[in-house]
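> here is my input; please provide its structure:
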Amino acid sequence: MEERPPVTSRRFRAHALVIAGALGVAIPALAGAVGTITRQAESVRTLEAEIAGLDARFGQAASAYDGARARLDTVQGRITANTASMKKAQIELKSAQGMLAFRLSAVYRQPQPSGLEVLLRSGSLSDALSRVDVLDRVQRHDAGIITTIAAARVHMREAQVELLADQKVAAAESKEASVHLTEVRSIRSARRGVLINARKRLAVMISAEVNRQRRAALVAAQRRVVQRVGQAGRATVPNVPSAPAAPSFGGGGTDVSGALRKIALCESGGNPSAVSPSGLYRGKYQFDPGTWQRLGGAGTDPAAAPASEQDRVAGVLYRQSGAAPWPICGR
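Numbers count the residues shown, from 1 in each chain. Got it, this is the predicted structure:
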């Protein structure tokens with residue numbers, strides 16, 4: 001009589017087979033999902049490069065805005081100086097106007113004497129010449145007052161024109177720089193939101209794909225264990241579920257039933273209430289809610305529907321598209 005190995009030895013050997021089978025199946029299966037994940041990662045890298053370009057544009061716009069603000073401050077300084085200059089010119093003009101009014105009043109009250117009158121009223125020739133010199137200086141002073149008034153008016157007009165021009169230029173530059181900065185900030189903020197969402201989608205895709213491949217590897221490894229240790233050995237291996245009965249699809253052939261049975265085992269281990277880590281894929285065949293409703297599934301949650309309803313909807317989808325909706329488990 002042949003001696004059988006103890007139960008502990010058989011369990012250890014079964015666990016070793018599970019691990020080896022899982023590693024052997026997971027590596028090539030994960031390689032098949034590289035394409036989709038790589039495309040999403042490339043999209044994330046493209047968005048990151050675009051954000052870097054927008055950051056550079058934002059820095060340039062901020063520098064331009066700072067420059068416009070600095071020029072505006074300079075113009076404001078010039079406006080302040082022009083205002084002070086205009087006030088000074090107004091004071092000078094008012095003073096000159098007062099002096100001119102006084103002189104005109106004095107001339108009107110007492111007309112300027114002629115040279116002969118000055119000579120006759122003077123006691124000597126030197127005294128007469130002195131009086132004439134005083135009169136000439138008075139005339140030159142009056143002419144200077146008139147010139148000062150004219151210059152003050154011209155300076156005030158020039159200062160006013162320069163003030164208006166400076167205000168117009170400064171306002172236009174500041175407004176243009178502010179609009180450009182706001183535009184770049186808005187674009188950058190929007191693209192950053194897109195990048196964040198793309199990164200989240202990539203993380204969900206990677207997590208879901210890894211979990212899906214792990215489930216597929218585990219199911220394949222369990223099937224290998226069942227085939228190798230036989231019916232008696234399988235009864236002693238923990239966590240190896242019995243194969244569920246083949247679902248009924250109402251008129252479908254055995255090839256459809258067998259194919260969907262393999263898909264259900266791979267996708268969820270045959271569990272009608274299974275839910276993926278991301279929460280998107282649900283039920284025995286890991287339907288997404290949109291596909292479930294499009295095919296006329298009962299209710300809104302595939303994982304909450306009876307197993308028979310899930311079998312029926314899976315049969316409809318399989319007859320429409322074959323195994324394509326299950327790119328990993330349908331191979």
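> distance of Gln60 from Leu295?
Distance, Gln60 to Leu295, using CB to CB, to the nearest Å: 53 Å. Backbone N, C-alpha and C define where each C-beta goes, glycine included.
> measure Ala217 to Asn211 for me?
For Ala217 relative to Asn211 (CB to CB), the value is 11 Å.
> who has more neighbours, Gln60 and Leu295?
Leu295 (16 against 13; other CB atoms under 10 Å).
> mind listing what the more buried one touches?
By CB atoms under 8 Å, 6 or more residues apart in numbering, the residues touching Leu295 are 313, 316-317.
> Arg153 now?
Leu93.
> now do the SS call for it.
Under the three-state scheme (DSSP: H, G, I helix; E, B strand; the rest coil), Arg153 adopts helix.
> look up how far Gln160 lies from it.
For Arg153 relative to Gln160 (CB to CB), the value is 11 Å.
> now the helices for the stretch 51-200 of the chain?
In the stretch 51-200 of the chain, the helices defined using DSSP state H, counting those that start in this stretch lie at 115-121, 125-236.
> could you list the low-confidence segments of the stretch 51-200 of the chain?
Within the stretch 51-200 of the chain, the set of residues satisfying pLDDT under 70 comprises 103-104, 106-125, 127-129, 131-132, 134-135, 138.
> again, 50 this time
Judged against pLDDT under 50, the stretch 51-200 of the chain has no low-scoring part.
> excluding its backbone neighbours, what's nearest Ala64?
Ala177 (5.2 Å; CB to CB, 6 or more residues apart in numbering).
> wait, what's in contact with that neighbour?
Here Ala177 is in contact with 61, 64-65, 67-69 (CB under 8 Å, 6+ apart).
> need those residues in a markdown table (columns: neighbour count and distance to Gln90).
Supplementary listing: the contacts of Ala177 in a markdown table, determined by neighbours: other CB atoms under 10 Å; distance: CB to CB, whole Å:
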| residue | neighbour count | distance to Gln90 |
| --- | --- | --- |
| Ala61 | 20 | 42 |
| Ala64 | 16 | 38 |
| Tyr65 | 20 | 37 |
| Gly67 | 12 | 34 |
| Ala68 | 20 | 32 |
| Arg69 | 15 | 31 |
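> any chance of CSV for the residues you listed, columns distance to Leu93?
Conversion of those to CSV gives the following (distance: CB to CB, whole Å):
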residue, distance to Leu93
Ala61, 46
Ala64, 42
Tyr65, 41
Gly67, 38
Ala68, 36
Arg69, 35
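> ok, the residues you listed vs Arg201, which is closest?
Proximity of the contacts of Ala177 to Arg201 (CB to CB) peaks at Ala61, which lies at 30.0 Å.
> follow-up on the earlier one: give me the buried subset of the contacts of Leu295.
If you count burial by 16 or more other CB atoms under 10 Å, the buried members of the contacts of Leu295 come out as 313, 317.
> of the contacts of Leu295, closest to Ala172?
Leu317 (63.8 Å).
> same question for the helix or strand harbouring the closest one, mean pLDDT?
Take DSSP states H and E as the rule and Leu317 turns out to sit in helix 307-321. Confidence for helix 307-321, expressed as mean pLDDT, is 94.
> list the buried ones in that helix?
Using 16+ other CB under 10 Å as the test for burial, helix 307-321 gives 307, 309-315, 317-318.
> if we can go back for a sec, counting neighbours around each, name which of Ala217 and Asn211 comes out higher.
More neighbours surround Ala217 than the other of Ala217 and Asn211, with 22 against 14 (other CB under 10 Å).
> any idea how far the more buried one lies from Ile328?
10 Å.
> other SSEs contacting the helix holding Leu317?
Helices and strands touching helix 307-321, by 3 or more CB pairs under 8 Å, 6 or more residues apart in numbering; DSSP states H and E, are helix 254-268.
> I'd like the average pLDDT over the helix it packs on.
Rounded mean pLDDT across helix 254-268 is 87.
> now it: buried residues?
256-257, 259-268.
> and of these, the nearest to Leu181?
The closest of the buried residues of helix 254-268, once distances to Leu181 are taken by CB to CB, is Glu267, at 51.9 Å.
> can I assume that closest one is in contact with Phe287?
No - with contact defined as CB atoms under 8 Å, Glu267 does not reach Phe287; the gap is 9.5 Å.
> overlap in contacts of those two?
Tyr281.
> ok, the residue nearest to Tyr65 when sequence neighbours are not counted to Gly269 distance?
What sits nearest to Tyr65 in space, not counting adjacent residues and going by CB to CB, 6+ apart, is Ala177, at 4.1 Å. As defined by CB to CB, Ala177 lies at a distance of 63 Å from Gly269.
> and the residue nearest to Tyr65, how far from Asp73?
The spacing between Ala177 and Asp73, counted by CB to CB, is 13 Å.
> same deal with Arg214?
64 Å.
> those two: who's more crowded?
Arg214 (15 against 11).
> against Gly283, how distant is that one?
18 Å.
> Arg294 too?
From Arg294 to Gly283 the distance is 15 Å (CB to CB).
> looking at these two, which is more packed in?
Gly283 (28 against 12).
> can you tell me the closest non-neighbouring residue to that one?
Going by CB to CB, 6+ apart, Gly283 has Pro302 as its nearest residue, at 3.5 Å.
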